[in-house]
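> got a structure for you, letters missing:
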């Protein structure tokens, strides 16, 4: 199949899945060639390899063109600097940039509720594919996109130019927005955020919409649509779907460093164990209680333990199962598991409402998130 046939097939798939819902975005996906934004190749996960290994797929590979039009996220950078053309063979490092799956891209663009004449700020240019879709829909002069990585931005600029688009591309920390083109009617972030930065609210006109994915270091996240109000606050709800993005680089968790002495601290039985947060919604509630905690699985003294650690404050909790009963030991300036246990218990007592019923209010950098009956 050629690229036009592959685009037509992609449009059909995204329409059938319910992600592509309106004609203007359908026209954009039909017109914008995704493969132009992947000319540098992409990384494909190597099956059956632990830890995860990645192998490059370049344009001269027979799998490349069709792969560009799969409804899949395609890794385009690893370890902050390594691109597919740098590798011969395999690499076992952490992905740091990708081309988001088209189904999620168009779902978010539909949820952004843009209209003719709207000025849009995009946080995270990436390959530039989503930027191109917005340029097609609104006109490039109404699109500003901010990317923290200069090399990533440069590659996106080249691809956008090849497609005839010249939006306002900025190399900077997107969490600060870009006040020169403000106010914006719409703001969209294509990376996970721990908070909704106040500067993004300040740069959005009253009545405007901010669409972000709120995340945490326990890695449960939700797509959030907020409306900005005249008093400088914003409020809204989660949209559901268990959306996941790479975190914005300035908000990545700190290195764990030297672990605390886990044999000290206060010990007790706990109502439920660490396995409770294997559930996505429960983990999100736990994350609200301990937004700066990271989870690490350890093997000590022949048993598996789950450590929850806040590196900045030094607070920690370690859990393990003993003859069918979960135990916790905690120390530091706060009791991480006490807070998690209280949040989950209160949420369950309210009937464990789904995340789509949670309400978000932003009056400062840290959002207030509540649920019905909570």
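Nice, I can see it. As the structure is a prediction and not an experimental result, all values here were calculated from the model.
> Every contact and neighbour count from this point should use C-alpha atoms.
Will do.
> wait, what's in contact with residue 80?
95-97 (C-alpha atoms under 8 Å, 6 or more residues apart in numbering).
> redo that, cut-off 7 Å
residue 96 (C-alpha atoms under 7 Å, 6 or more residues apart in numbering).
> what does stretch 356-373 contact?
By C-alpha under 7 Å, 6+ apart, stretch 356-373 touches 195-198, 233-240, 350.
> Let's see that with 10 Å instead.
194-201, 214, 222-228, 231-241, 285, 288, 346-355, 374 (C-alpha atoms under 10 Å, 6 or more residues apart in numbering).
> What's the end-to-end length of it?
Counting by C-alpha to C-alpha, to the nearest Å, you get 14 Å between the two ends of stretch 356-373.
> What average pLDDT does it get?
Averaging pLDDT along stretch 356-373 yields 88.
> Ok, stretch 38-48 next?
91.
> Please apply the same query to stretch 184-198.
Here the average pLDDT along stretch 184-198 is 94.
> cool, stretch 125-138 as well?
Mean pLDDT, stretch 125-138: 97.
> go on, stretch 91-104?
pLDDT averaged over stretch 91-104 gives 90.
> quick one: terminal-to-terminal distance for it?
Start-to-end, stretch 91-104 (C-alpha to C-alpha) is 27 Å.
> For the residue sitting furthest away from the middle of the chain, give me phi and psi.
The centre of the chain is farthest from one residue, residue 323, which by C-alpha atoms, centre = their mean lies 38.1 Å away. Here is the backbone geometry of residue 323 (degrees, to the nearest 10): phi 50, psi 50.
> could you say which helix or strand contains residue 67?
Using DSSP states H and E, residue 67 sits in helix 64-68.
> Output the contacting helices and strands for that helix.
helix 3-16, strand 42-45, strand 54-57 (3 or more C-alpha pairs under 10 Å, 6 or more residues apart in numbering; DSSP states H and E).
> ok, and for it, which residues are buried?
64-65, 67-68 (16 or more other C-alpha atoms under 10 Å).
> do stretch 168-180 as well
Within stretch 168-180, the residues scored as buried using 16+ other C-alpha under 10 Å are 169-175, 177-178.
> Could I get the contacting residues of the residue most central in space within the chain?
Note on the chain: the residue nearest the mean C-alpha position is residue 245, at 2.3 Å, using C-alpha atoms, centre = their mean. Residue 245 sits next to 97-98, 100, 189-193, 213-215, 219-223 when contact means C-alpha under 10 Å, 6+ apart.
> Beyond the helix or strand hosting residue 135, next helix or strand please.
Taking DSSP H and E as the criterion, the element that holds residue 135 is helix 129-138. Using DSSP H and E, the helix or strand that follows helix 129-138 in sequence is strand 143-147.
> chain center to that next one: distance?
17 Å (C-alpha atoms, centre = their mean, to the nearest Å).
> Repeat that for stretch 269-287.
Distance of stretch 269-287 from its chain centroid, counting by C-alpha atoms, centre = their mean, is 21 Å.
> Pull out the buried positions in that stretch.
Here stretch 269-287 shows 270, 272-274, 277, 280-287 as buried, counting by 16+ other C-alpha under 10 Å.
> I'd like to know which of these is nearest to residue 87.
Here the nearest of these to residue 87, counting by C-alpha to C-alpha, is residue 280; it sits at 34.8 Å.
> from memory the closest one sits against residue 220, does it?
Yes: Residue 280 is in contact with residue 220 according to C-alpha atoms under 10 Å; the separation is 6.1 Å.
> Around residue 215, count how many other residues there are.
Per other C-alpha atoms under 10 Å, the neighbour tally for residue 215 reads 26.
> And for residue 131?
Counted with other C-alpha under 10 Å, residue 131 comes out at 26.
> Remind me what the one helix or strand residue 211 maps to packs against, helices and strands.
Using DSSP H and E, residue 211 sits in strand 204-214. On a contact count with 3+ C-alpha pairs under 10 Å, 6+ apart, strand 204-214 meets helix 102-111, strand 120-123, strand 184-193, helix 198-202, strand 222-228, strand 234-238.
> what's the most buried one of these?
strand 120-123 (a mean of 28; mean count of other C-alpha atoms under 10 Å).
> Please state the offset of it from the chain centre?
Worked out by C-alpha atoms, centre = their mean, strand 120-123 lies 15 Å from the chain centre.
> If anything else comes up later, I'll come back, but that's it for now.
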